[in-house]
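Undergrad: Give me a 3D structure for the following:
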Amino acid sequence: MKTVNSKIGLMMVFFCLAFVSVASAQQRGGGDQKEPPTYAKLLEEMDANEDGKLEESEVKGPLKDEFATIDTDEDGYISEKEFEDAPKPSGKRN
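TA: Next up, the predicted model:
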């Protein structure tokens, strides 16, 4: 009887460790990579005044940090063309 209980206990420990390993790998980014957002998706998420343009006060994250670089015609907005021509971020973000 002790042998059966020991085997069941070891199997339970093994399955718990396997589950924790898989869950941990998914949290570290072991899953699918996100695709870069499209200009249309950014408009949908960030265009607060719904004017069809992205101005500096509306954007956030890396787009806000690089706004002056991306806004090549310096009109205060990021157009779809400017967004498409912008340098893509490289490396891993934490």
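Undergrad: use CA for all of it now, contacts and neighbours both
TA: Fine.
Undergrad: what's the burial count for Lys53?
TA: When counting by other C-alpha atoms under 10 Å, one arrives at 19 neighbours for Lys53.
Undergrad: quick one: it and Asp75 touch, right?
TA: No. Under the criterion of C-alpha atoms under 8 Å, Lys53 makes no contact with Asp75, lying 11.0 Å away.
Undergrad: Model confidence at Lys7, what's the number?
TA: Looking at Lys7, its pLDDT is 75.
Undergrad: how does this structure divide up, domain by domain?
TA: 1-32, 39-85 (automatic domain parsing).
Undergrad: and these, which one's lowest on average pLDDT?
TA: Among these, domain 1-32 carries the lowest mean pLDDT (a mean of 64).
Undergrad: distance between the ends of stretch 45-65?
TA: This stretch, stretch 45-65, spans 17 Å end to end (C-alpha to C-alpha, to the nearest Å).
Undergrad: and for that stretch, what are the contacting residues?
TA: Leu43, Phe67, Gly76, Tyr77, Ile78, Ser79 (C-alpha atoms under 8 Å, 6 or more residues apart in numbering).
Undergrad: what about burial for those residues, which qualify?
TA: By neighbour count, with 16 or more other C-alpha atoms under 10 Å, the contacts of stretch 45-65 hold Leu43, Phe67, Tyr77, Ile78, Ser79 as buried.
Undergrad: Which members of those residues are the farthest-apart pair?
TA: In the buried ones among the contacts of stretch 45-65, two members sit farther apart than any others by C-alpha to C-alpha. They are Leu43 and Phe67, at 14.9 Å.
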